[in-house]
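Enquirer: 3D model of this:
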Amino acid sequence: MGSFLYNLIAFAIFVLDIWAIINVVRSNSETMKKVLWVALIAFLPVIGLIIWALAGPRGNSRLGSTH
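Expert: Okay, here's the model as predicted:
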């Protein structure tokens, strides 16, 4: 049971990291900032994800868009 829970948590972190990286790439930030954010998220998955959630660039959301 413990192994299953560990794998589930690891998978959830992986999915959230991918989502964060996609948001960084879609953001309007400069290319070098995007590279640094992606590296932070990739090399420090949990800590990078938390830092990105607090201070990172967000992608352009289509929700609420008038276009």
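
Enquirer: count of residues packed around the spatially closest residue to P57 that is not a sequence neighbour?
Expert: Counting by Cβ to Cβ, 6 or more residues apart in numbering, P57 lies nearest to S27, which is 3.7 Å off, once chain neighbours are set aside. In short, each C-beta sits where N, CA and C put it, glycine included. Burial measure for S27: 16 neighbouring residues, criterion other Cβ atoms under 10 Å.

Enquirer: ok, A10 next?
Expert: Neighbour count for A10, taken as other Cβ under 10 Å: 11.

Enquirer: right, and G56 touches I21 too?
Expert: No. With contact defined as Cβ atoms under 8 Å, G56 does not reach I21; the gap is 10.2 Å.

Enquirer: was I right about R58 contacting N23?
Expert: Yes. Between R58 and N23 there is a contact under Cβ under 8 Å: 5.6 Å.

Enquirer: so between these two, which is more surrounded?
Expert: Remark: of R58 and N23, N23 carries more neighbours, 18 against 14, as counted by other Cβ under 10 Å.

Enquirer: how much space separates the nearest residue to the more buried one once chain neighbours are set aside from L8?
Expert: Leaving aside its chain neighbours, N23 sits nearest to G59 (4.1 Å; criterion: Cβ to Cβ, 6+ apart). Going from G59 to L8 by Cβ to Cβ, to the nearest Å gives 26 Å.

Enquirer: so these two - more neighbours on which side?
Expert: A direct count of neighbours by other Cβ under 10 Å for G59 and L8 places G59 higher, at 15 against 10.

Enquirer: three-state assignment of the more buried one?
Expert: Recorded secondary structure, G59: coil (DSSP: H, G, I helix; E, B strand; the rest coil).

Enquirer: from N7, how far off is it?
Expert: To N7, G59 is 28 Å away according to Cβ to Cβ.
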